[in-house]
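# What follows is a predicted protein model with its sequence.
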Amino acid sequence: MHVEEITRIKEFRQIRKEIRGSDKYLLVGIDVGKEKHYAFYGTANGKTLERRLVFWNTFSGIEMLMDHANAIKEGNNLEKVVYGMEPTSNYHKPLAEYLIRCGCNVVLVSGVSVARNRELLDGRWDKHDGKDAANVADLISQGKCQYYDYPSLEVRDLRGLLSLKRMLKKQEHRIKVRIRNNVIAQYFPEFDSQFAKGRSESLAVVKWCIRPKDINLLEYEQFEEMIAPRVRTRAQADRIKSIWLDANESIGCKAGDALQFVSRLMVEELQSIRASIKKLDEQVEKICSGFPECQYLLSIPGFGPDISAKVLGAIGNPLRFENCKQVIKLVGYDLSASRTGKTSDKAVSVISKRGNAHLRYALYQAAFIASTSNSYFKRYYANQLKGREREKGIKTKMKVKLAAKMLIIAWTLMKNKEPFDPAYLNIEH
């Protein structure tokens, strides 16, 4: 880890520890926009130094922001400047990166905190850019801010690729649903169960002969050669035979020639997206191979290249987390409950589900695989279930608990730079 990043982490922890009520910090709250930003200057003890500064999202605009901050700092005998902002889309990233490269202290405030703190400023729900900038500064003065994660270029590249993959997976799912609900359900409903299994011959049917009447005009050998021209297994031949027979008795609606054109376009788009995802996976694997931590993550049972890349991208620098509770909150596996009044003792804790939902789901899948295929994790899982087998939903709860455990193990391996050791599970013999 770079020395600059270690210094930033230490400075952030010091700021959070001593900023409340301090008289040595100048707080600059920034309401981020696409073209221009609004800044508010104040102190941690509630004093307003300048209500509003509008600056453009350009080099000269950011320089003006910094020059103005330095002038106010010197004029009021303050020691340090802290810039804070809400993560609005991607608009905040150029501003924050430039400030960090200039050696400035930059922090984030949660969008949820900004929304809930807005009415506390003056008792009104009114929202405008100047008020939002003051809102950000107010949250910083309370120490309710987060470390601005500015990882290495490789981690940022990895996160960008993973974000693109999520988008492509959504597009893939959307096209599959459109084929099933708009085409198959209307024109060849008997084929739906076969298409849902995702076999290669299913896409070929949609692409070349989705109308049952076109299949009826073909002999079985012709249909088989069209759908699967290469070597076929016996199971595949049985599936193709079943599709051919279903077409003879289909109750699907009549369709014109445009249907086949539309179906072919959708299948080609789906195949193009899948090819892009495959190339994307190769690029992700190439980037991950440059991280020594990736080999440590792959040593965890249930962790493959995909989940390892997601954990690596989400955690980034493991030393930015002070304890395992912060890591758990990263994916929303922390427990929460509404405890109040006489019923507080009966409140049931559930996971908060705040944080990275994609990583949370991937970790659950990894826990499911490990708890059924690895001897160490099977024993750990059995010990967790012991005496509670009859509780409703207990197996799912224990898998969630195991997923959280695996995330902590992954963070520990990245921090200590060592492969997985079954001793981390603390299995009772």
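Yep, that arrived. Numbering: from 1, shown residues only.
# Residue 73 contacts residue 82, doesn't it?
No: counting by CB atoms under 8 Å, residue 73 stays clear of residue 82, with 10.7 Å between them. Just so you know, the C-beta spots here come from the backbone N, C-alpha and C atoms, and that holds for glycine as well.
# tell me the SS of residue 53?
Classification of residue 53 using DSSP: H, G, I helix; E, B strand; the rest coil returns strand.
# circling back: spit out the residues that contact residue 73 and residue 82 alike.
With contacts taken as CB atoms under 8 Å, 6 or more residues apart in numbering, residue 73 and residue 82 have residue 26 as neighbours in common.
# who touches residue 81 in this structure?
Residue 81 neighbours (CB under 8 Å, 6+ apart): 25, 26, 28, 69, 70, 73, 104, 105.
# how about a cut-off of 7 Å?
Residue 81 is in contact with 26, 28, 69, 73, 104, 105, counting by CB atoms under 7 Å, 6 or more residues apart in numbering.
# what does residue 154 give?
Residue 154 neighbours (CB under 7 Å, 6+ apart): 287, 290.
# how many neighbours does residue 213 have?
For residue 213, the neighbour count with other CB atoms under 10 Å is 13.
# Let's verify residue 49: helix, strand, or coil?
Per three-state DSSP, residue 49 ends up strand.
# Pull up the gap between it and residue 21, please.
16 Å (CB to CB, to the nearest Å).
# okay, the two: which has more neighbours?
Taking neighbours as other CB under 10 Å, residue 49 and residue 21 compare with residue 49 leading, 18 against 12.
# Report the contact partners of the more buried one.
Counted by CB under 7 Å, 6+ apart, residue 49 has contacts 41, 42, 43, 72, 76.
# Now restrict these to buried residues only.
Buried members of the contacts of residue 49, scored by 16 or more other CB atoms under 10 Å, are 41, 42, 43, 72.
# Please point out which parts of stretch 172-185 sit buried.
172, 175, 176, 179, 183, 184.
# Next, format those residues as a markdown table and append pLDDT, secondary structure and distance to residue 260.
Formatted as a markdown table, the buried residues of stretch 172-185 follow (pLDDT from 0 to 100; DSSP: H, G, I helix; E, B strand; the rest coil; distance: CB to CB, whole Å):
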| residue | pLDDT | secondary structure | distance to residue 260 |
| --- | --- | --- | --- |
| 172 | 96 | helix | 22 |
| 175 | 96 | helix | 17 |
| 176 | 94 | helix | 18 |
| 179 | 95 | helix | 13 |
| 183 | 94 | helix | 10 |
| 184 | 94 | helix | 13 |
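# more crowded one of residue 73 and residue 82?
For the pair residue 73 and residue 82, the greater number of neighbours falls to residue 82 (23 against 19), based on other CB under 10 Å.
# So, low pLDDT: which residues of the protein?
1-2, 125, 231, 342, 428-429 (pLDDT under 70).
# Show me it divided up by domain.
Per the record, the chain has its domains at 3-150, 156-285, 292-425, by automatic domain parsing.
# any chance you could map the strands in the stretch 301-429 of the chain?
335-336, 350-351 (DSSP state E, counting those that start in this stretch).
# Residues contacting the first one, please?
With contacts defined as CB under 7 Å, 6+ apart, strand 335-336 is touched by 349, 350, 351, 352.
# Ok, the last one next?
The set of residues external to strand 350-351 that reach it, using CB under 7 Å, 6+ apart, is 332, 333, 334, 335, 336, 337, 400.
# Tell me which of the residues you listed fall in helices.
Using DSSP state H, the subset of the contacts of strand 350-351 located in helices is residue 400.
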